[in-house]
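Asker: Predicted structure and sequence below. I'll ask about it afterward.
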Amino acid sequence: MRRHDVIGHTSADDQYLETPPGAAYEHTDASVRLVVRFLCWLAVSAVVIHLGLALLFNLFVEQREVRTPPRYPLAARGQGLQMPPEPRLQRFPREDISTFRTGEESLLTSYGWADREAGTVHIPIDEAMKLTLKRGLPTRGRSAAAPVTDRVPTDSSAGR
């Protein structure tokens, strides 16, 4: 058997089984009655403080609602349904773009007046492209003020 440094015990943990002489509860350190009384007063004061704060908060909210006008005049109660000023958001954007594209498509594929007073008409885009290929693109005529030269500009002419 192994011998331990603690005299009179067979294992090192045996020394903690017995209370040594002179070691006991200190009756003068803390009174259980005082600790319980303090905890009760603490709980009562916490409840009173929370109730007081709730009442004070409700009082402040009521005062603010009475004293301040509504923040957003459009949202005032009792005025009924009031539309906001222009421009408004689209309620149905997919239908709006579909209607717009249908109108554009009918304008590109039909005949009609662009400006009746000026005598301007519009024709289908396919017909307009065929006419452009047949007639060619319009060009500016050459004027007499700008002589045609096939020469490359030199340094002395400065490109004129």
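Answerer: In hand now; what should we look at?
Asker: from here on, contacts and neighbour counts on C-alpha atoms
Answerer: OK.
Asker: next one: phi and psi at the most centrally placed residue in the chain?
Answerer: Computing the C-alpha centroid of the chain and ranking residues by C-alpha atoms, centre = their mean puts residue 89 first, at 17.8 Å. Note on residue 89: backbone dihedrals following degrees, to the nearest 10 are phi -70, psi 150.
Asker: For it, give me the pLDDT.
Answerer: As predicted, residue 89 sits at a pLDDT of 84.
Asker: How about the one 10 residues further on?
Answerer: Residue 99 carries a pLDDT score of 94 in this model.
Asker: Could you look up the SS state of it?
Answerer: Judged by DSSP: H, G, I helix; E, B strand; the rest coil, the three-state class of residue 99 is helix.
Asker: Can you tell me how far it is from residue 90?
Answerer: Residue 99 sits 13 Å away from residue 90, going by C-alpha to C-alpha, to the nearest Å.
Asker: likewise residue 56?
Answerer: Counting by C-alpha to C-alpha, the gap from residue 56 to residue 90 is 46 Å.
Asker: Equivalent analysis for residue 24, please.
Answerer: 84 Å.
Asker: Residue 29 now?
Answerer: In terms of C-alpha to C-alpha, residue 29 sits 78 Å off from residue 90.
Asker: now residue 101
Answerer: In terms of C-alpha to C-alpha, residue 101 sits 16 Å off from residue 90.
Asker: With adjacent residues omitted, what lies nearest to residue 107?
Answerer: Nearest non-adjacent residue to residue 107, counting by C-alpha to C-alpha, 6 or more residues apart in numbering: residue 124, 7.6 Å away.
Asker: Show me where this structure has its helices.
Answerer: Per DSSP state H, the chain carries helices over the ranges 32-67, 93-108, 125-135.
Asker: quick one: contacts of the last one?
Answerer: In this case it means helix 125-135. 108-109 (C-alpha atoms under 8 Å, 6 or more residues apart in numbering).
Asker: try 6 Å
Answerer: Helix 125-135 is contacted from outside by residue 108, using C-alpha atoms under 6 Å, 6 or more residues apart in numbering.
Asker: can you state the direction angle for that helix and helix 93-108?
Answerer: 40 degrees (axes from the mean of the first three to the mean of the last three C-alpha atoms, to 10 degrees).
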